[in-house]
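K.L.:
would you be able to build a 3D model of this:
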Amino acid sequence: MSDAQSLGQRIINHNSRKGGVSALMRSIFMGLTAVFLASCASLVDDARDMSPSGTAFQQALYKHYLDLAVSRGTGFSSGDSADFYAERAILAGNGGDVTPLQPTGAGAANEDLQKARDRLMSAFVRGAKEIAPDMAARAQAAYDCWAHELSLGAPAAQLYQCRARFLTQMGRLEVDLAPEPEPVVALPDAAEFVVYFGFDEWFLSAEALEVLSTAIDSARAGGHSKIIAAGHTDTSGSSYYNDGLSVRRAEVVKLTLVEMGALADAVEVVGYGESRLAVQTGDGVREPLNRRTVVTLVP
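P.N.:
Below you'll find the model as predicted:
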């Protein structure tokens, strides 16, 4: 119950003990409740009623913040989160600059978050807002979702959704920003290894472990300084769910490579969901060759 509702109820309870509640007291209580309820809805409604202006990036940012505000209308810390995203939607929709949140606190979770913010800001410096405004806005909204809800102590499953969404959008964004390779440049020492997964699974089979063992041996022998673990799915299930599933597949590969001796900072996780199929299929197709993580050893 809100402070306003509590105050009104205490007034009513006090008067009830004296023999009844006056019409005036009932009126005060109902008025306080109405004010409280109006304040809960106003920010999200104001954001929803806007006609956004500004750059293509700002308008896309408005849309994706608004989507978050509406989706957080119920559940964990619903008021705080809905208002937070609505405020950012309004700022972006008015053509304002919305800066990604700075991590607060210490610990591994905030270190991971800081690295994510650095990746996002690097993409902005490289022209992401102009080259791919919608994807850049999706990445920022997902990052702020992760940062804001981490600061609120949101449930792990909710944080994972925000983080997975950021990683998938960020991976795609970085691919779009990568310069075209020079035809005269060759990377003879680069190598790829692929592990496959069962339907809707992200644990590694004995065969997959053998592939990763070969990959880590090759990395040691070749002196590779970076490893990219890129997760993929088939087209069965929703694209939103598959984004998260692809990140899980990439992360279990990273965890295993680290256990085998790779440096954690040297392994980058990317999730592509169902956007980069090895075998082209229609929607809703369970194709085993698309359920994979590709491990690339970078010289």
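K.L.:
what segments of the stretch 101-250 of the chain are helices?
P.N.:
Per DSSP state H, counting those that start in this stretch, the stretch 101-250 of the chain carries helices over the ranges 108-125, 128-131, 133-151, 156-177, 206-222, 239-259.
K.L.:
Leu68: which element?
P.N.:
Leu68 is part of helix 56-71 when elements are defined by DSSP states H and E.
K.L.:
and the helix or strand just after that helix with helix 56-71, angle?
P.N.:
Beyond helix 56-71 in the direction of the C-terminus, DSSP H and E gives the next helix or strand as helix 78-93. Using axes from the mean of the first three to the mean of the last three CA atoms, to 10 degrees, the inter-axis angle of helix 78-93 relative to helix 56-71 is 160 degrees.
K.L.:
just the buried positions in helix 78-93, please.
P.N.:
81-93 (16 or more other CB atoms under 10 Å). C-beta: built from backbone N, CA, C; applies to glycine.
K.L.:
go on, stretch 250-267?
P.N.:
Ala250, Glu251, Val252, Val253, Lys254, Leu255, Thr256, Leu257, Val258, Ala262, Ala266, Val267.
K.L.:
hang on, the earlier thing: residues making contact with the helix holding Leu68?
P.N.:
Helix 56-71 has contacts (CB atoms under 8 Å, 6 or more residues apart in numbering) with 43-44, 47-48, 50, 52-54, 81-86, 88-90, 92-93, 95-96, 98, 129-130, 133-134, 136-138, 140-141, 144-145.
K.L.:
may I see the buried residues of it?
P.N.:
Quick answer for helix 56-71 (16+ other CB under 10 Å): Phe57, Gln58, Gln59, Ala60, Leu61, Tyr62, Lys63, His64, Tyr65, Leu66, Leu68, Ala69.
K.L.:
might you calculate how far it sits from the centre of the chain?
P.N.:
Helix 56-71 sits 14 Å away from the centroid of its parent chain (CA atoms, centre = their mean, to the nearest Å).
K.L.:
same thing with stretch 237-247?
P.N.:
Stretch 237-247 sits 12 Å away from the centroid of its parent chain (CA atoms, centre = their mean).
K.L.:
also stretch 127-141?
P.N.:
14 Å.
K.L.:
and what of stretch 167-178?
P.N.:
In terms of CA atoms, centre = their mean, the gap separating the centre of stretch 167-178 from the centre of its chain is 13 Å.
K.L.:
identify the residues contacting it?
P.N.:
Contacts for stretch 167-178 (CB under 8 Å, 6+ apart): 116, 119-120, 123, 126-128, 131-132, 135-136, 138-139, 142, 230, 243-244, 246-247, 250, 269-273, 275.
K.L.:
list the buried residues in that stretch.
P.N.:
So, applying 16+ other CB under 10 Å, buried residues of stretch 167-178: Leu167, Thr168, Gln169, Met170, Gly171, Arg172, Leu173, Glu174, Leu177.
K.L.:
report the mean confidence score over it.
P.N.:
Stretch 167-178 comes out with an average pLDDT of 83.
K.L.:
CA atoms only: put it into CSV for me.
P.N.:
Once non-C-alpha atoms are left out, stretch 167-178 reads as follows in CSV (Å, rounded to 0.1, in the frame of the first residue of the first chain):
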residue,chain,number,x,y,z
LEU,A,167,24.9,-9.3,-26.0
THR,A,168,22.9,-10.4,-29.0
GLN,A,169,22.3,-6.8,-30.2
MET,A,170,25.8,-5.8,-29.5
GLY,A,171,27.3,-8.7,-31.4
ARG,A,172,25.2,-7.9,-34.5
LEU,A,173,26.0,-4.2,-34.2
GLU,A,174,29.7,-4.8,-34.1
VAL,A,175,29.5,-7.1,-37.1
ASP,A,176,27.7,-4.3,-39.0
LEU,A,177,30.4,-1.8,-37.9
ALA,A,178,33.3,-4.0,-38.9
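K.L.:
tell me how many other residues crowd the residue nearest to Glu201 when sequence neighbours are not counted.
P.N.:
Excluding the flanking residues, the one nearest Glu201 by CB to CB, 6 or more residues apart in numbering is Arg291, at 7.8 Å. For Arg291, the count of nearby residues is 25 (other CB atoms under 10 Å).
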